[in-house]
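Asker: here is my input; please provide its structure:
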Amino acid sequence: MARLYEMCNDIDSEDLLKDREELTEGEKDKMMKNFEAGKKKFSKRNKRAGKIAGFVAAAAVAALVIVPNTSAKAAYAMSQIPILGDVIRAVTIREYNYDSERFQAEIKEVQLEVNKNGEDGGENPEMDQSVATINEDIDEMTNRLIEQFEEQAAAGESYGGIYMDHEVVTDTDKWFTLKIDVAEVAGSGSQYQYYYHIDKTTGEIASLKDLFKEGADYVTPVSENIRKQMKERMAQDENLTYWADEDSEFGFGFEHIKEDQNFYLNHKGQLVICFDEYEVAPGYMGLVEFVIEDEAVADILK
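Answerer: Numbers count the residues shown, from 1 in each chain. As a prediction, this is how the structure comes out:
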């Protein structure tokens, strides 16, 4: 069975690192400036910012910017309602740390637990299965990252590092979302995120399509809106670069989002589509996000 994280995020970090050219000094400088700007915003909301800053500064190339996330629209609307149904907890079950002159690792493996809190306190096999599937996937991913790092450290060439942590970004009586942040350094830096969503009303693992009416084509309007915003941003700022067109000067470009693209809802309840580093823009652009204009999806949202 294919790993769930490959379904949620179709970028393999090993492949990314294998063929990537090292960052130029200019790219490194811009990446760090972008990180510092994001860190100032993030530090007001999360104590982990200092730890992330330290890891990235030591690596000198990777910029990890974590943004607030509230996931599905149903969860956003219900965010102020006390949790009455099953409670899902995220528990750190393993910490892997390594620190040398040239290699660093800070990895926290999380597992989910379900506490029965409903009126009947009965079994929820769908929820239990979803949690078990996610836990298995996270364990496989964690082991892969540790094995990859240890091979890198044993080789002793260049420098390298790995950072992995998690955050529960939504937990209401309707919806649960876990986000995992990863930053890797191996000659150059890469940063990406994994999102796991559980619809508590069904107990099933959910994805972007569950925000929209059944059978609705959400990929096309969302993708078109993103492409429009890419062009607008580049027209306004010559320092921004996106692979907006398939026939662009780069020879390739953004075609459309994945059906299970990473996402969250902002404080206004707007859909925000998230891209990992190198997905739709050069590496110096880091993690890229687009707030989808309301009119683009108004007719197909649930």
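
Asker: can we go C-alpha only for contacts and neighbour counts from here?
Answerer: Will do.

Asker: which SS state does Phe290 fall under?
Answerer: Remark: Phe290 carries the secondary structure label strand [criterion: DSSP: H, G, I helix; E, B strand; the rest coil].

Asker: ok, now which ones touch it?
Answerer: If you count contacts by CA atoms under 8 Å, 6 or more residues apart in numbering, Phe290 has them with 226, 229, 272-274.

Asker: please repeat the previous calculation with a cut-off of 10 Å.
Answerer: 222, 225-227, 229-230, 263, 271-275 (CA atoms under 10 Å, 6 or more residues apart in numbering).

Asker: repeat that for Val91.
Answerer: Contacts here follow CA under 10 Å, 6+ apart; on that basis Val91 touches 108-113, 166.

Asker: and it, what element?
Answerer: When elements are assigned from DSSP states H and E, Val91 belongs to strand 87-99.

Asker: remind me what the next helix or strand after that strand packs against, helices and strands.
Answerer: For strand 87-99, the succeeding helix or strand toward the C-terminus, using DSSP H and E, is strand 103-115. Packing partners of strand 103-115 (3 or more CA pairs under 10 Å, 6 or more residues apart in numbering; DSSP states H and E): helix 49-59, strand 87-99, helix 125-155, strand 160-171, strand 175-186.

Asker: give me whichever of those is most buried.
Answerer: For the helices and strands packed on strand 103-115, average neighbour numbers computed from mean count of other CA atoms under 10 Å are highest in strand 175-186, which has a mean of 23.

Asker: who does the helix or strand following that one pair up with?
Answerer: Heading C-terminal from strand 175-186, the first helix or strand you meet, by DSSP H and E, is strand 188-199. Strands that pair with strand 188-199, judged by DSSP bridges, come out as strand 175-186 (antiparallel), strand 204-206 (antiparallel).

Asker: so which of those strands comes closest to Tyr284?
Answerer: Nearest to Tyr284, of all these, is strand 175-186, at 13.9 Å by CA to CA.

Asker: angle of that closest one against strand 87-99?
Answerer: Taking axes from the mean of the first three to the mean of the last three CA atoms, to 10 degrees, one finds strand 175-186 and strand 87-99 inclined to each other by 10 degrees.
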